[in-house]
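Novice: Any chance you could fold what I've pasted below:
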Amino acid sequence: MNPERRSLWSWALIDWANSGWAVVVMTAFFPILFQDFWGAGTGLSPERTTAYLGYWNALSGLLVALLAPILGAVADQGNAKRRFLAGFTLLGAVATAALPLAARGEHVLAGALYALAAMGFSGNTLFADALLTDVTRPERYDRVSAFGYALGYIGGGLLFVGCTMVVQAPARFGFAGAVEAVQACFLVTAGWWLLFTIPALVWVRKTPAVRTAGVGPLFTRGFRQLALTFADLRRDRRLLTFLGAYLLYIDGVNTVIKMAVAYGRAIGLDAAGMLTALVITQFVSFPAAVVFGRLGERIGPKAGISLGIGVYAVLCVFAARMDSPREFLILAGVVGLVQGGVQSLSRSYFARLIPAERAGEYFGFYNMLGKFAAVLGPTLMALTALATESRASILSLLLLFGGGLWLLSRVRTDPPPAAPSA
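Specialist: Model prediction:
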């Protein structure tokens with residue numbers, strides 16, 4: 001395997017590695033254990049336990065959102081994107097492996113460890129995104145970004161299916177019960193995350209650092225560069241318009257993901273049905289992300305993103321009218337068709353708009369907006385539900401998708417994408 005291809009595959013394996021954590025820990029098993037095991041015997045109501053989980057999620061997201069731009073600037077100035085990637089990966093994996101140390105009822109310790117793991121995950125994805133400009137050329141950003149997301153969906157899906165088999169039949173695998181099985185899955189997930197990140201730390205090519213912030217200590221140069229970037233952002237109307245569009249439409253995308261469980265329960269879907277829906281979404285997203293990458297090369301990433309947003313708008317109308325588990329599974333499949341495409345093309349389109357040698361700091365801003373996303377959507381849905389007492393509150397997300405699509409249309413049109421090399 002030539003060095004360029006080895007570097008690309010090593011980078012794509014970061015998505016394979018961290019998606020396992022996102023599905024197994026964040027989405028599936030930690031919320032259940034937090035309420036049924038770590039929250040048990042504490043006198044906390046299920047509602048209060050859920051609120052505490054939200055607080056830990058919010059705390060970790062806020063810290064990373066505030067730190068992301070400066071960390072990205074420091075990484076660029078010190079040519080340290082791989083070192084930051086290693087540090088955040090280690091933080092997340094160690095915190096995940098330590099979760100079994102929290103005994104029954106120790107929800108504070110469990111929540112703190114989870115927050116550290118979530119910070120590791122967020123930092124890991126930040127620097128994985130920033131390395132996109134190091135592993136390929138601009139004309140291949142769409143295809144390579146989609147390839148990373150596709151590997152992430154298949155890797156996360158395989159790990160999730162394996163962990164689910166263990167948790168559903170713990171005795172068959174030598175565990176005393178489901179809790180012990182889930183704890184073992186946390187350990188396996190931590191090892192998975194570390195193992196598949198190692199190739200990127202060894203083989204990803206890195207662009208030589210370009211010092212643009214004078215002399216002095218690394219963090220001083222990082223803060224100085226961050227100030228320069230703020231000034232550049234204010235002058236770059238195209239980049240500001242895209243970031244505004246991204247904030248709106250990715251908020252809608254994240255809200256659909258976060259509200260899926262509530263919708264499924266509202267129409268009577270049981271735990272097995274929810275599992276089926278999650279597996280469908282994961283494995284449909286794998287080929288769909290690849291297709292969107294090729295589509296982005298042919299029609300441009302902006303047009304591909306616009307297509308995905310349009311599908312999400314139609315899904316909102318469909319979701320407001322659905323009333324059966326079968327329709328929910330159809331919804332999950334269609335979400336899988338566009339979810340990875342919108343995310344991967346957003347990453348590659350943003351990479352086209354920024355200077356490659358300053359990708360760390362610019363992706364810091366990009367990820368900061370991603371952390372603040374899914375705030376407007378749930379708020380709109382909650383206010384609409386209170387006013388109408390109807391599940392049709394999901395129609396309020398049309399404001400986000402419509403606003404995002406309009407702003408995206410205002411971004412200056414890209415030149416026709418160059419044909420990818422063989």
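Novice: following the helix or strand bottoming out on mean pLDDT in the chain, which helix or strand comes up?
Specialist: Of all helical and strand segments in the chain, the minimum by mean pLDDT, DSSP states H and E falls on helix 218-235, at a mean of 64. Under the assignment DSSP states H and E, the closest C-terminal helix or strand after helix 218-235 is helix 237-266.
Novice: Can you give me the buried ones in that next one?
Specialist: By neighbour count with 16 or more other Cβ atoms under 10 Å, helix 237-266 contains the buried residues 239, 241-256, 259-260, 263-264. Yep, even glycine has a C-beta here, placed from its N, CA and C like the rest.
Novice: What's the per-residue pLDDT of V334 here?
Specialist: Predicted confidence (pLDDT) for V334: 88.
Novice: And the closest residue to it other than its chain neighbours, its phi and psi?
Specialist: The shortest distance from V334 to any non-neighbouring residue, by Cβ to Cβ, 6 or more residues apart in numbering, is to L315 (6.0 Å). Main-chain torsions, L315, degrees, to the nearest 10: phi -60, psi -40.
Novice: who touches L315 in this structure?
Specialist: 256, 331, 334-335 (Cβ atoms under 8 Å, 6 or more residues apart in numbering).
Novice: go on, L376?
Specialist: The neighbourhood of L376, defined by Cβ under 8 Å, 6+ apart, consists of 248, 251, 400.
Novice: ok, these vs L99, which is closest?
Specialist: Distance to L99, by Cβ to Cβ, is smallest for D251 among those, at 29.2 Å.
Novice: Low-confidence stretches in the stretch 51-200 of the chain?
Specialist: Residue ranges of the stretch 51-200 of the chain with pLDDT under 70: 51, 54, 58, 73-78.
Novice: and T42, helix, strand or coil?
Specialist: coil (DSSP: H, G, I helix; E, B strand; the rest coil).
Novice: hey, where'd the helices end up in the stretch 301-422 of the chain?
Specialist: With DSSP state H, counting those that start in this stretch as the criterion, the stretch 301-422 of the chain has helices at 301-321, 325-353, 359-372, 376-388, 397-410.
Novice: quick one, which of these is nearest to D134?
Specialist: Using Cβ to Cβ, those put helix 359-372 closest to D134, at 7.6 Å.
Novice: before we move on, back to that, neighbour-wise, which of the contacts of L315 leads?
Specialist: Neighbour counts for the contacts of L315 (other Cβ atoms under 10 Å) peak at V335, which has 24 neighbours.
Novice: From T281, how far out is that residue?
Specialist: 6 Å (Cβ to Cβ, to the nearest Å).
Novice: Leaving out chain neighbours, which residue sits closest to D142?
Specialist: Closest to D142 by Cβ to Cβ, 6+ apart is G296, at 3.3 Å.
Novice: just H107 next, same as before
Specialist: W38 (4.3 Å).
Novice: and the one you found, how many neighbours does it have?
Specialist: 26.
Novice: Also the one 5 residues further on?
Specialist: Taking other Cβ under 10 Å as the neighbour definition, G43 ends up with a count of 8.
Novice: Quick check: phi and psi on it?
Specialist: phi 80, psi 0.
Novice: Just the terminal-to-terminal distance for stretch 290-307.
Specialist: 15 Å (Cα to Cα, to the nearest Å).
Novice: which of the residues in that stretch are buried?
Specialist: Buried residues in stretch 290-307 (16+ other Cβ under 10 Å): 290, 292-293, 295-297, 300-307.
Novice: show me the contacts for T89.
Specialist: 17-18, 120, 124, 193-194, 197.
Novice: one more time with 6 Å, if that's ok
Specialist: Contact analysis of T89 by Cβ atoms under 6 Å, 6 or more residues apart in numbering lists 124, 197.
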